[in-house]
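Q: sharing a model that was predicted from the sequence below.
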Amino acid sequence: MTSDNLDNLSYLKFLLSIEGIGPQKILTIVSKFNSIESFVESSWTNLNSIDGINHVLSKRLIESKSNYQRIKDETEKEIEDLSKLKARFMTYWDEDYPVLLKEIFYPPILLYLLGSIDTLKKNTIAIVGTRMPTSYGKYQAESMARELALNNIVVVSGLARGIDSIAHNSALKSGGKTIAVIGSGIDVIYPPENKNLFNKIIEQGLIISEYPLGTKPDAQNFPKRNRIISGVSLGTLIVETRLNGGAMQTAAYAIDQNREIYAIPGNINSKQSEGPNSLIQRGEAKLVLSVDDILDELINKLDVKKNKKNVEQNLMLNLFEEKIIAVLNEEPKHIDEISKLTSLSVSDCLVNLLILEFKGIVKQLPGKVFSLD
């Protein structure tokens, strides 16, 4: 990194360290000054002439100048640490900064990236949901992520337990790409059990964070992180979430960003389906019954070609198989209960359950109990 680049990055981090100066103010500052450095070195009078910079903030900035050299030293050390991780910075003004992300309110001014930056140049759909999904939710997240990946759509999520992890894993297993937007530094893996998944994403996708190295996954980081998940995505699919779940925050951001919202309908008696059902009911989300509902919309808006062979192959179910999947959409069930709920004989159920096992949709548990895989 050149001396000029180090100075620019250091001045940017210096501004971000000052209470009351966020992305919007920095963008305003840059539009009025030739450089961030010229702003920082401005007089009290010039500082107060900028919209949103009052005398209190001007005083705070001038008094903080003594911290600049320390921040510059820390920035230089962080650049070295990023190099060891094979990671990098990206600022709002870089050529490869995501166009979609520039369009949102309060775009992150500084990003930390680990993995392939080219992943950001592809068509993207976010899949988010609860950390405690039902069997139905797990199946839907896995199926949707798989079909999107087979159609060359990058799956974006937040690396959280539950739906997020399932979506990332399914995209990777299908040979696709995925982006994880995290609420900690890119050198802090959370949750810790996702270490292997984290490393696979680096190989086949991208890890994004707006937090400096070493940042712990504090609770307040995740709502802010959610605006980036929807911000880098053409649309967001809500699988399962309660009304107060984090996925509903992501949906709210997507609505504010004028992005598409998709939702998987669920059992009206299931708490996990409260969120998507309410979005559909209010007309804020498009009801999704298959990946075609998403792909058809993308085809109309973008140069997206549907991989019909893969989609049809994975969705080709007979009437009996559909009945069985419908009754397994909540929790694992015994063969006798499946037979009763589907009005099929036990032998017919077993035959179709075996076929569904071959298709990777159903798995058998001990005691002739079956669940969605």
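A: That came in fine, so what should we check first? Quick caveat, the model's predicted, so the values are computed rather than measured.
Q: quick one, domains of the chain?
A: Annotated domains of the chain cover 3-85, 117-306, 317-372 [automatic domain parsing].
Q: measure the last one end to end?
A: The one in question is domain 317-372. End-to-end distance of domain 317-372 (Cα to Cα, to the nearest Å): 14 Å.
Q: I'd like the average pLDDT over it.
A: The average pLDDT for domain 317-372 rounds to 83.
Q: what does stretch 258-266 give?
A: 95.
Q: how far does that stretch sit from its chain's centre?
A: 14 Å (Cα atoms, centre = their mean, to the nearest Å).
Q: quick check: the gap between Pro108 and Ala160.
A: Distance, Pro108 to Ala160, using Cβ to Cβ, to the nearest Å: 19 Å. Every residue, glycine included, has its C-beta placed from N, CA and C.
Q: what does Asn277 give?
A: For Asn277, the distance to Ala160 - Cβ to Cβ - is 21 Å.
Q: check Ile182 too.
A: Separation of Ile182 from Ala160 (Cβ to Cβ): 9 Å.
Q: these two: which has the busier surroundings?
A: Taking neighbours as other Cβ atoms under 10 Å, Ile182 and Ala160 compare with Ile182 leading, 29 against 24.
Q: please look at the more buried one and Ile228 and confirm they touch.
A: No: using Cβ atoms under 8 Å as the test, Ile182 is too far from Ile228 to be in contact (9.6 Å).
Q: can you give me the neighbour number for the spatially closest residue to Ala149 that is not a sequence neighbour?
A: In space, and not counting its chain neighbours, Ala149 is closest to Gly176: 2.6 Å by Cβ to Cβ, 6 or more residues apart in numbering. Around Gly176 sit 22 other residues, with neighbours defined as other Cβ under 10 Å.
Q: surely Gly176 is in a helix?
A: No: the assignment for Gly176 (DSSP: H, G, I helix; E, B strand; the rest coil) gives coil, which keeps it out of a helix.
Q: got a pLDDT number for it?
A: Reported pLDDT for Gly176: 95.
Q: where along the stretch 101-250 of the chain do the helices fall?
A: Ranges of helices in the stretch 101-250 of the chain, per DSSP state H, counting those that start in this stretch, are 135-150, 163-173, 195-204, 221-231, 246-256.
Q: just send these back as TSV, with mean neighbour count too.
A: Listed next are these as TSV, based on neighbours: other Cβ atoms under 10 Å:
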stretch	mean neighbour count
helix 135-150	24
helix 163-173	25
helix 195-204	16
helix 221-231	23
helix 246-256	23
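Q: now render these as JSON lines, adding distance to Val99.
A: JSON lines is the format used below for the helices of the stretch 101-250 of the chain (distance: least, Cβ to Cβ, whole Å):
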{"stretch": "helix 135-150", "distance to Val99": "20"}
{"stretch": "helix 163-173", "distance to Val99": "22"}
{"stretch": "helix 195-204", "distance to Val99": "22"}
{"stretch": "helix 221-231", "distance to Val99": "11"}
{"stretch": "helix 246-256", "distance to Val99": "16"}
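Q: any idea which of these gets closest to Ser347?
A: Closest approach to Ser347 among the helices of the stretch 101-250 of the chain (Cβ to Cβ): helix 135-150, 23.7 Å.
Q: what's the angle between that closest one and helix 195-204?
A: Here helix 135-150 runs at an angle of 20 degrees relative to helix 195-204 (axes from the mean of the first three to the mean of the last three Cα atoms, to 10 degrees).
Q: which strands and helices lie in contact with helix 135-150?
A: Here helix 135-150 touches strand 124-128, strand 154-157, helix 163-173, helix 308-315, strand 369-372, going by 3 or more Cβ pairs under 8 Å, 6 or more residues apart in numbering; DSSP states H and E.
Q: now the third one: mean pLDDT?
A: The one in question is helix 163-173. Mean predicted confidence for helix 163-173 is 97.
Q: show me what that helix is packed against.
A: strand 124-128, helix 135-150, strand 154-157, strand 178-181, helix 195-204.
Q: name every strand pairing with the first one and say which way it goes.
A: Looking at strand 124-128 with DSSP bridges, its paired strands and their directions are strand 154-157 (parallel), strand 235-238 (parallel).
Q: quick one: contacts of that strand?
A: Applying Cβ atoms under 8 Å, 6 or more residues apart in numbering, the contact partners of strand 124-128 are 100, 141, 144-145, 148, 153-158, 163-164, 167, 179, 226, 229-230, 232-239, 241, 246-247, 250, 254, 294, 298.
Q: quick one on the thing from earlier: quick one, what contacts the residue nearest to Ala149?
A: Ala145, Leu148, Ala149, Leu150, Asn152, Ile153, Val154, Val155, Gln204.
Q: tell me the confidence at the second one?
A: Translated: Leu148. 95.
Q: what sits against it?
A: Ile125, Ile127, Val155, Ala171, Gly176, Val291, Ile294.
Q: related to what we said a few turns ago, redo the helices and strands packed on helix 163-173 as CSV? Include distance to Glu210.
A: CSV is the format used below for those (distance: least, Cβ to Cβ, whole Å):
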stretch, distance to Glu210
strand 124-128, 16
helix 135-150, 24
strand 154-157, 15
strand 178-181, 9
helix 195-204, 17
